[in-house]
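# Build me a structure from this.
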Amino acid sequence: MKKTFATAFIFLLAVSCILAQSGLTRTHNVAFAPGELLKYRVHYGFIDAGEATLEVKPHYKDFGGRACYHVVGTGRSMGAFDWFFKVRDTYESYIDTQAMVPWLFIRRTNEGGYTINQNVSFNHLKKTATSEKKTIETPSRVQDLVSACYYARTIDFSKATPGDTFVIHTYLDDETFPLTIKFIGRETLKTAKGKIRCIVFRPMLLEGRVFKEKEGMTMWVSDDKNRIPVRAQANILVGSIKMDLKDYQGLLNPLAKE
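Numbers count the residues shown, from 1 in each chain. The predicted model follows:
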């Protein structure tokens with residue numbers, strides 16, 4: 001009952017904030033549309049550890065008269081890995097279709113018995129983010145964990161050269177940080193869906209909490225207008241983890257396959 005009330009309260013707060021806001025800078029999106037579904041297999045070392053999905057729900061959601069993408073990301077452990085470290089994660093973001101900023105972020109995390117239930121509303125006029133615990137000041141056009149991925153897909157990398165960096169201000173755990181991604185180059189990957197031409201990046205990570213080193217993760221994104229994540233690989237404090245694209249549907253543009 002308390003969780004239901006809290007979710008409803010945050011939702012109403014988010015809508016009231018949106019009603020008061022106008023003049024947001026438009027971000028042109030030709031990378032994705034409602035109905036897109038991406039499926040991934042997650043490996044921990046040589047073990048098939050789980051599966052993940054990223055889905056843009058088929059219908060737009062209305063927030064104070066502004067159309068929003070409803071994006072849902074899920075992750076779950078499977079097989080033998082599920083016995084000793086059970087994962088059941090769901091992340092949701094309501095992203096403005098014109099400004100590509102989030103209005104509401106919902107996080108439901110259950111990892112090895114550690115749980116987080118959080119609802120965050122964003123006020124991009126006042127530059128604040130409000131959760132059940134507190135309200136904090138935010139940079140302009142701040143993103144949540146999910147919307148950051150989709151906003152990054154709208155960035156033009158056609159003139160990028162190795163070493164170029166791009167910064168996305170991101171919200172996590174009642175704090176914000178500059179998520180910096182470094183352009184590495186281009187590479188063709190052999191995947192379950194055939195050979196795919198990719199752009200290669202390295203996100204600048206927070207050392208010590210989960211990751212061994214600042215540049216311990218590499219990401220491959222399709223080198224086309226979709227820019228879908230194809231592979232992500234990271235060295236963590238204990239071992240390594242890799243996520244590979246295994247299936248997709250509803251892409252807005254042809255995939256860069258060879």
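
# CA only for contacts and neighbour counts going forward, please
OK.

# ok now stretch 103-121, how far from the chain's centre?
14 Å (C-alpha atoms, centre = their mean, to the nearest Å).

# can you pull the alpha-carbon coordinates of it into CSV?
C-alpha atoms of stretch 103-121 as CSV (Å, rounded to 0.1, in the frame of the first residue of the first chain):
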residue,chain,number,x,y,z
TRP,A,103,10.5,12.8,-16.7
LEU,A,104,10.2,9.8,-14.5
PHE,A,105,12.7,7.0,-13.6
ILE,A,106,11.6,3.8,-11.9
ARG,A,107,14.2,1.4,-10.4
ARG,A,108,13.4,-2.1,-9.0
THR,A,109,16.6,-3.9,-8.2
ASN,A,110,17.0,-7.3,-6.5
GLU,A,111,20.6,-8.6,-6.7
GLY,A,112,21.6,-11.4,-4.4
GLY,A,113,19.0,-10.3,-1.8
TYR,A,114,20.0,-6.6,-2.0
THR,A,115,17.0,-4.6,-3.1
ILE,A,116,16.4,-1.0,-4.2
ASN,A,117,13.0,0.4,-5.0
GLN,A,118,13.2,4.0,-6.2
ASN,A,119,11.0,6.5,-8.1
VAL,A,120,12.6,9.7,-9.4
SER,A,121,10.9,12.6,-11.0
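
# buried residues in it?
Counting neighbours by 16 or more other C-alpha atoms under 10 Å, one finds that the buried residues in stretch 103-121 are 103-111, 118-121.

# Make CSV out of these and add pLDDT, secondary structure and distance to T128.
Shown next, in CSV, are the buried residues of stretch 103-121 (pLDDT from 0 to 100; DSSP: H, G, I helix; E, B strand; the rest coil; distance: C-alpha to C-alpha, whole Å):
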residue, pLDDT, secondary structure, distance to T128
W103, 95, strand, 11
L104, 96, strand, 12
F105, 97, strand, 13
I106, 97, strand, 16
R107, 96, strand, 18
R108, 95, strand, 21
T109, 92, strand, 23
N110, 92, strand, 27
E111, 88, strand, 28
Q118, 94, strand, 16
N119, 96, strand, 14
V120, 97, strand, 10
S121, 95, strand, 8
